Structure formats: C-alpha cells, structure tokens
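Student: Give me the fold of what follows.
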Amino acid sequence: MASYNSISPEKLARLVGTAKAPVLIDARDEDDFAADPFLVPASFHRTHSDAPQWADEYKGHWVVVLCKHGGKLSEGVAAWLRLAGASAEILEGGIEAWREAGLPLVPVATLPNADPSGGSVWVTRSRPKIDRIACPWLIRRFVDPRAKFLYVTPAEVEAVGERFGATPFDIEGVFWSHRGDDCTFDTMVKEFGLSFPALEHVARIVRGADTDRHDLEPQASGLLAVSLGLSRMYADDLEQLEAGMTLYDALYRWARDATQEKHDWVSHGGKGKRT
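Tutor: All right, here's what the predicted structure looks like:
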C-alpha cells in the first residue's frame, strides 16, 4: 500500500529535469549502494544514519527520499526531514520500482571522481555559445544539481582542471567532448545513460546548432540564433549561464510536452472571420 506522502516513479520522472524538481536524496545503506551503483537522475547519496545531523540543511525545501524498495530507510529519513521543516516524500516502491518502470539510471562510475554525493566542479573555455551552456544545464538538471562551473582562458582549461580538481569538458583531447559527429552534449547524454526521449530530441537540436547541421532538426537554427544573442547580451559567462538555464528549461519542456502544438494568429476582435 502506497504511503500518503509518497510519489510514484512516473510522476517523479515528469519532474526530473525541470526547474521545479524536488531535491532527491538516495538513502540506501552502503551495502545496497555498492551492490547497485546507479542513481536516479539528479539524485545524490547521503548516509541515512546521519540524517538527524544533516536534515536541517533542507528546511523549507521539497525533498523526495529514495531507498531500495521505498521502505524503512526512506520513511525514516523523510520523517527526520519533516521534523526539520522540510516537505518530504518517499519514492513509492523505491529505486527498484523506478527501474521496473524502465526509467533511466545514472552509473555512479561516470560521475567525476565517482563521487555520488554531488558538488562536482567542471571547467571549460570562456565565452560560451551552445555546448558550454547546454552541458552545464544538463548536468545541473539531470546529474548533479550542486555542480559548479568554471570558465577560463581556453589554453588553461586542462591546467586549471588539474590544479583545482575540476573536470574539463568541451575541449579537444578530453573525455567529455565531441566524438565523431556527436557534440559534447550528446556525449554526456549517452555516458550518463539519460535516455529520456525528450532529452534525446533536445540533443539533436543542440548537435545541429553546435556543429552547423541545421538539417538535423528545424529548431537548430533558432537555438543558434538565440545562443549567439545571449553571448552578445552578457559579458559575464556565469550570468549568461543563468540566462541559458531558462532557455534550455523551455526547450526541454517544448520537446517533452509541446512538439505537436501549432500557433497561428486568429482574431477574436469581432470584426469578421479570418479566412
């Protein structure tokens, strides 16, 4: 029987990747986590036995807690979170129910430094246009909501990565970059196992805009135009990233919910019918 304060895998999947998604905490014990090293997208692992110590961090937040089957660990951590002032639910049926629904899971081994607790740091070239805005959006919405991004002089990306423990992306010769006809966004979607149909649609648009293949999707030209416009509007790369987050939020919601919707001007002014 489902708990009154639970959320189904299908409903949670509709929230993952959106700006209004809840905080997702994986509370599995260490043995279960080690035996099944995969994460629900955008979730991160915290030790359930320490919940009384860290629950206050989520006061005022909406949190969904995950464990293997949606039982005692999720229920207990959610209870501590509610006591601390959070709005906390559990994932109905746990991670096993998510898997049985055929929903994507992120391999822990693909995370930078294999750190499932989140807070990764990434570094790339300054003055971003498409991939270097799209990829941070993807990471924050689907992989690590607490990720940080450094934009530096192109020649110093790898050196900064080494000195500051940051993962380089979208430069030649690194793991997280273009591969064949794919752009860096494609690489991340595939490596992180993010097989959401709408996200794969967005990936084709990003690839078309980023690699001058506007024949791939009609929206690629528009994404290029808006991206170049943003790069002219913002001298600060981080301000541009924040504006770009809204752009990609909108593109993802269109790909998920509105691809069949058409728009035409129709007068309702009462002066005659448009023919």
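
Student: C-alpha from now on. contacts and neighbour counts both.
Tutor: Noted.

Student: Where does Glu89 sit: helix, strand or coil?
Tutor: Three-state call for Glu89 (DSSP: H, G, I helix; E, B strand; the rest coil): strand.

Student: Tell me, how many residues neighbour it?
Tutor: Applying other CA atoms under 10 Å, we find 25 residues neighbouring Glu89.

Student: Could I get the pLDDT score of it?
Tutor: In the prediction, the pLDDT value recorded for Glu89 is 98.

Student: That one reaches Pro22, doesn't it?
Tutor: No: at 9.6 Å, Glu89 does not count as touching Pro22 under the criterion of CA atoms under 8 Å.

Student: where are the low-confidence patches of the stretch 1-150 of the chain?
Tutor: For the stretch 1-150 of the chain, the stretches flagged by pLDDT under 70 are 1-4, 114.

Student: Could you name every residue contacting both of Glu89 and Pro22?
Tutor: Residues touching both Glu89 and Pro22 (CA atoms under 8 Å, 6 or more residues apart in numbering): Val63, Val64.

Student: Which parts of the stretch 1-150 of the chain are helices?
Tutor: 9-15, 30-35, 51-54, 72-83, 94-100, 131-138 (DSSP state H, counting those that start in this stretch).

Student: could you check the angle strand 87-91 makes with the longest one?
Tutor: If you take axes from the mean of the first three to the mean of the last three CA atoms, to 10 degrees, helix 72-83 sits at 170 degrees to strand 87-91.

Student: and helix 72-83, C-alpha only, in CSV?
Tutor: Taking Å, rounded to 0.1, in the frame of the first residue of the first chain, the C-alpha atoms of helix 72-83 are listed here in CSV:
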residue,chain,number,x,y,z
LYS,A,72,12.1,1.9,6.3
LEU,A,73,15.1,3.9,5.2
SER,A,74,13.1,6.2,3.0
GLU,A,75,10.4,6.5,5.6
GLY,A,76,12.8,7.2,8.5
VAL,A,77,14.9,9.8,6.6
ALA,A,78,11.7,11.6,5.3
ALA,A,79,10.4,11.7,8.9
TRP,A,80,13.6,13.4,10.1
LEU,A,81,13.4,15.8,7.2
ARG,A,82,9.8,16.8,8.1
LEU,A,83,10.8,17.2,11.7
